[in-house]
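Asker: no sequence on this one, just coordinates:
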């Protein structure tokens, strides 16, 4: 495997550790690259919980003339004051690597979803690569150009900085334009610890984005650390930041953090499927039994645990207790007893600041649990349309133009930085038809 090195100085030697002989930057990079290749090839053995905090900045005033990316970038360079935050949201996923691609699952699900992440997350900017595939695309790619930059200090550590370039022909980095994925060239830097040669930071800079992507600029920064898992340790990402500048001058920023990293054992019940498993591991009744429910029966639900907007995320598992027996219209027969439990997930967790601050929490329930019997379940909650109009809130979730009806969307106007829905918070829902088998 060839490796091309462009040195910044005619003669360049580094001290990689106290007491060791000086080394050529090409030899140092070869050694670090071999370590990173070994690490990325083991990523499929690990999974982490990935939390993404997204910030949406206030869009600029309507321009008097059409904008170009060059004009937008010049305006950003002249900007002195920080941007005003328009809204934030948070989502949480499980992530691992399979066949060189990152795949995801909702927390607690029994399967990873092999679809592209934009088919799982339908709203807001989302990307992959932070967990490890950016590294595969650079350090496992023989066509990448590298050159050494300098030695510098990062906290109490000395690091060696390199730059790299990936051409469009060699790139595995894709951007979706409409319904089509296109590869793009990109550059970046990475820092190696001067003693251990561990990767400490890795950046991606993409300024030449494909036409039709609606983006002017995309850049990412990932910080890495050693994580103790079982009897060994693994170099895994600590956090990653993704910045996007759109061709209408809007900007967003994603902060991705990783936690609860673990190794899959041979006996793990990990399954791969094209459809997401929406019944979480926390909801595992012994018997699954169909239950035919008519549409429109009122069902009063009370949250079993609080939802704190400062911590909760879309994807988190939730449950609620049925407060009163649900009776069939006409006969009065009880179809759902009081005390039964419904389980589901948070589907949106948003904090809007402009023009009036409010929190938006959306929930979808999909299982009904009565003792040790579990059945499919669906219900809708009719929120306050009038309050939604006053706040300018988008109450309905959509995917490819279709509305999700089995979702309840709750709005809470508040000037506070966080809001808590307490345990016992009661709401009235209405049943939807569910499959009988």
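Answerer: Here it is on my side, so go on. If you're wondering where the values come from, they're calculated on a predicted model, not measured in any experiment.
Asker: going forward, measure contacts and count neighbours with C-alpha atoms only.
Answerer: OK.
Asker: What residues sit buried inside the longest helix seen in the chain?
Answerer: Of all segments of type helix in the chain, defined using DSSP state H, the longest is helix 25-40. Going by neighbour count (16 or more other CA atoms under 10 Å), the buried part of helix 25-40 is 25, 26, 28, 29, 32, 33, 36, 37, 39, 40.
Asker: Does residue 387 belong to a helix, a strand or coil?
Answerer: What DSSP: H, G, I helix; E, B strand; the rest coil gives for residue 387 is helix.
Asker: With residue 118 instead?
Answerer: Applying three-state DSSP: residue 118 is helix.
Asker: Is it correct that it is in contact with residue 128?
Answerer: No - Residue 118 sits out of contact with residue 128 when judged by CA atoms under 8 Å, with a separation of 9.7 Å.
Asker: Could you check which of those two has the larger neighbour count?
Answerer: Ranked by neighbour count (other CA atoms under 10 Å), residue 118 and residue 128 place residue 128 first, with 18 against 14.
Asker: dump the residue contacts of the closest residue to that one other than its chain neighbours.
Answerer: Of all residues not flanking residue 128 in the chain, residue 102 sits nearest, at 6.7 Å (CA to CA, 6 or more residues apart in numbering). For residue 102, the contacting residues are 95, 96, 128, 129, 131, 132, 133, by CA atoms under 8 Å, 6 or more residues apart in numbering.
Asker: mind redoing it with 10 Å?
Answerer: The contact partners of residue 102, taken as CA atoms under 10 Å, 6 or more residues apart in numbering, are 43-44, 95-96, 113-117, 128-134.
Asker: what bridges to it?
Answerer: In this entry, residue 102 is beta-bridged to residue 97, by DSSP bridges.
Asker: any idea how far residue 129 is from it?
Answerer: 7 Å (CA to CA, to the nearest Å).
Asker: of all the buried residues of helix 25-40, which comes closest to residue 361?
Answerer: Nearest to residue 361, judged by CA to CA, of those is residue 40 at 36.7 Å.
Asker: For residue 337, see how far away the closest one is.
Answerer: Residue 40 is 51 Å from residue 337, by CA to CA.
Asker: Sheet-wise, list the partners of whichever strand or helix holds residue 258 with their directions.
Answerer: Using DSSP states H and E, residue 258 maps to strand 251-263. Taking DSSP bridges as the criterion, strand 251-263 forms sheet pairs with strand 46-57 (antiparallel), strand 232-246 (antiparallel).
Asker: Settle this for me: residue 392 is touching residue 353, isn't it.
Answerer: No - the pair residue 392 / residue 353 is not scored as a contact, 11.4 Å apart, by CA atoms under 10 Å.
Asker: How many neighbouring residues does residue 174 have?
Answerer: For residue 174, the neighbour count with other CA under 10 Å is 17.
Asker: I'd like the next helix or strand past whichever helix or strand residue 191 is part of.
Answerer: In this structure, residue 191 is located in strand 186-193 according to DSSP H and E. Using DSSP H and E, the helix or strand that follows strand 186-193 in sequence is strand 199-206.
Asker: so what does that next one touch, helix or strand wise?
Answerer: Counting contacts by 3 or more CA pairs under 10 Å, 6 or more residues apart in numbering; DSSP states H and E, strand 199-206 packs against helix 25-40, helix 133-139, strand 157-166, strand 186-193, strand 215-229, strand 232-246.
Asker: Can you pull out the residues in contact with the second one?
Answerer: Just to be clear, that refers to helix 133-139. Applying CA under 10 Å, 6+ apart, the set of residues contacting helix 133-139 from outside is 3, 30, 32-37, 39-41, 43, 97, 100-102, 128-129, 140-141, 144-146, 164-166, 170-173, 187-188, 202-204, 222.
Asker: following it, which helix or strand shows up next?
Answerer: Following helix 133-139 in sequence order, the next helix or strand is strand 145-154 (DSSP H and E).
Asker: mean confidence score for that next one?
Answerer: Averaging pLDDT along strand 145-154 gives 93.
Asker: now the angle from that strand to strand 199-206?
Answerer: 130 degrees (axes from the mean of the first three to the mean of the last three CA atoms, to 10 degrees).
Asker: Right, I'll leave it there.
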